[in-house]
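> Pasted the sequence and its predicted model underneath.
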Amino acid sequence: MNAVFITICLTSAIIMLISSPTQFLPAVLAGGESALKCAVTLFCIYAFWMGLSAVAEEAKITHSIARLLNPACRKLFKTKDTDAVKNIAMNIGCNLLGIGGAATPYAVAAIGRLEREENYFAQDLLFIINATSIQLIPATVIALRAAQGSVAPHDITLPSFIATLVSTVCGVAGYMAYSKFKRR
């Protein structure tokens with residue numbers, strides 16, 4: 001993939017140098033400035049949400065969320081490991097807020113716990129739920145749209161919720177059907 005990306009960039013640069021050499025350097029600098037602005041915006045978003053996640057962990061809010069989601073997670077993921085359930089609950093909570101970067105460490109920790117009990121079904125299901133992730137508030141997308149000067153950056157909320165809900169339901173249903181078919 002890196003080779004494809006480098007080839008595309010070099011080809012574009014050569015074409016631009018040939019067709020419009022005076023605009024090459026300003027375009028490169030503008031692209032770098034835009035990339036830096038985007039990176040700083042994402043850093044701030046993730047720093048805020050990771051900090052909030054750490055505060056929630058210290059205040060035992062994560063334990064409350066895990067306790068609330070415990071029966072559903074135990075049944076859906078077929079696990080008895082309370083730490084795995086807590087991490088799954090936090091992963092789902094972060095994804096609901098649209099902060100997938102903050103959700104990833106919880107998913108990794110949950111997968112590690114599920115590996116110890118050799119619960120491959122739960123690992124696969126968590127992967128699917130994490131990849132499709134229902135988003136009530138797509139915070140990262142809203143922040144990126146705001147940083148790019150969108151007049152109404154929050155307009156993405158309802159379409160994002162509908163799309164992620166449909167993708168999650170289809171992914172989970174498909175995996176459940178596949179699991180039943182595979183067992184036979």
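Nice, I can see it. Numbers count the residues shown, from 1 in each chain.

> Going by C-alpha atoms from here, please, whenever you check contacts or count neighbours.
Noted.

> So for stretch 6-20, mean pLDDT?
Stretch 6-20 comes out with an average pLDDT of 90.

> Just the residues contacting that stretch, thanks.
For stretch 6-20, the external contacting residues (C-alpha atoms under 8 Å, 6 or more residues apart in numbering) are 23-24.

> then the helix or strand of the chain with the lowest mean pLDDT to PDB, C-alphas only?
Ranked by mean pLDDT, DSSP states H and E, the helix or strand of the chain with the weakest confidence is helix 61-77, at a mean of 77. Below are the C-alpha coordinates for helix 61-77, written out as PDB (Å, rounded to 0.1, in the frame of the first residue of the first chain):
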ATOM      1  CA  ILE A  61     -17.800   5.500  36.300                       C
ATOM      2  CA  THR A  62     -16.400   2.700  34.100                       C
ATOM      3  CA  HIS A  63     -17.300   0.200  36.700                       C
ATOM      4  CA  SER A  64     -20.900   1.600  36.800                       C
ATOM      5  CA  ILE A  65     -21.100   1.400  33.000                       C
ATOM      6  CA  ALA A  66     -19.700  -2.100  33.000                       C
ATOM      7  CA  ARG A  67     -22.100  -3.200  35.700                       C
ATOM      8  CA  LEU A  68     -25.000  -1.700  33.700                       C
ATOM      9  CA  LEU A  69     -23.900  -3.400  30.500                       C
ATOM     10  CA  ASN A  70     -22.700  -6.500  32.200                       C
ATOM     11  CA  PRO A  71     -25.800  -8.800  31.700                       C
ATOM     12  CA  ALA A  72     -26.000  -7.900  28.000                       C
ATOM     13  CA  CYS A  73     -22.300  -8.200  27.400                       C
ATOM     14  CA  ARG A  74     -22.000 -11.500  29.200                       C
ATOM     15  CA  LYS A  75     -24.900 -12.900  27.200                       C
ATOM     16  CA  LEU A  76     -23.800 -11.400  23.800                       C
ATOM     17  CA  PHE A  77     -20.100 -12.100  24.200                       C
END
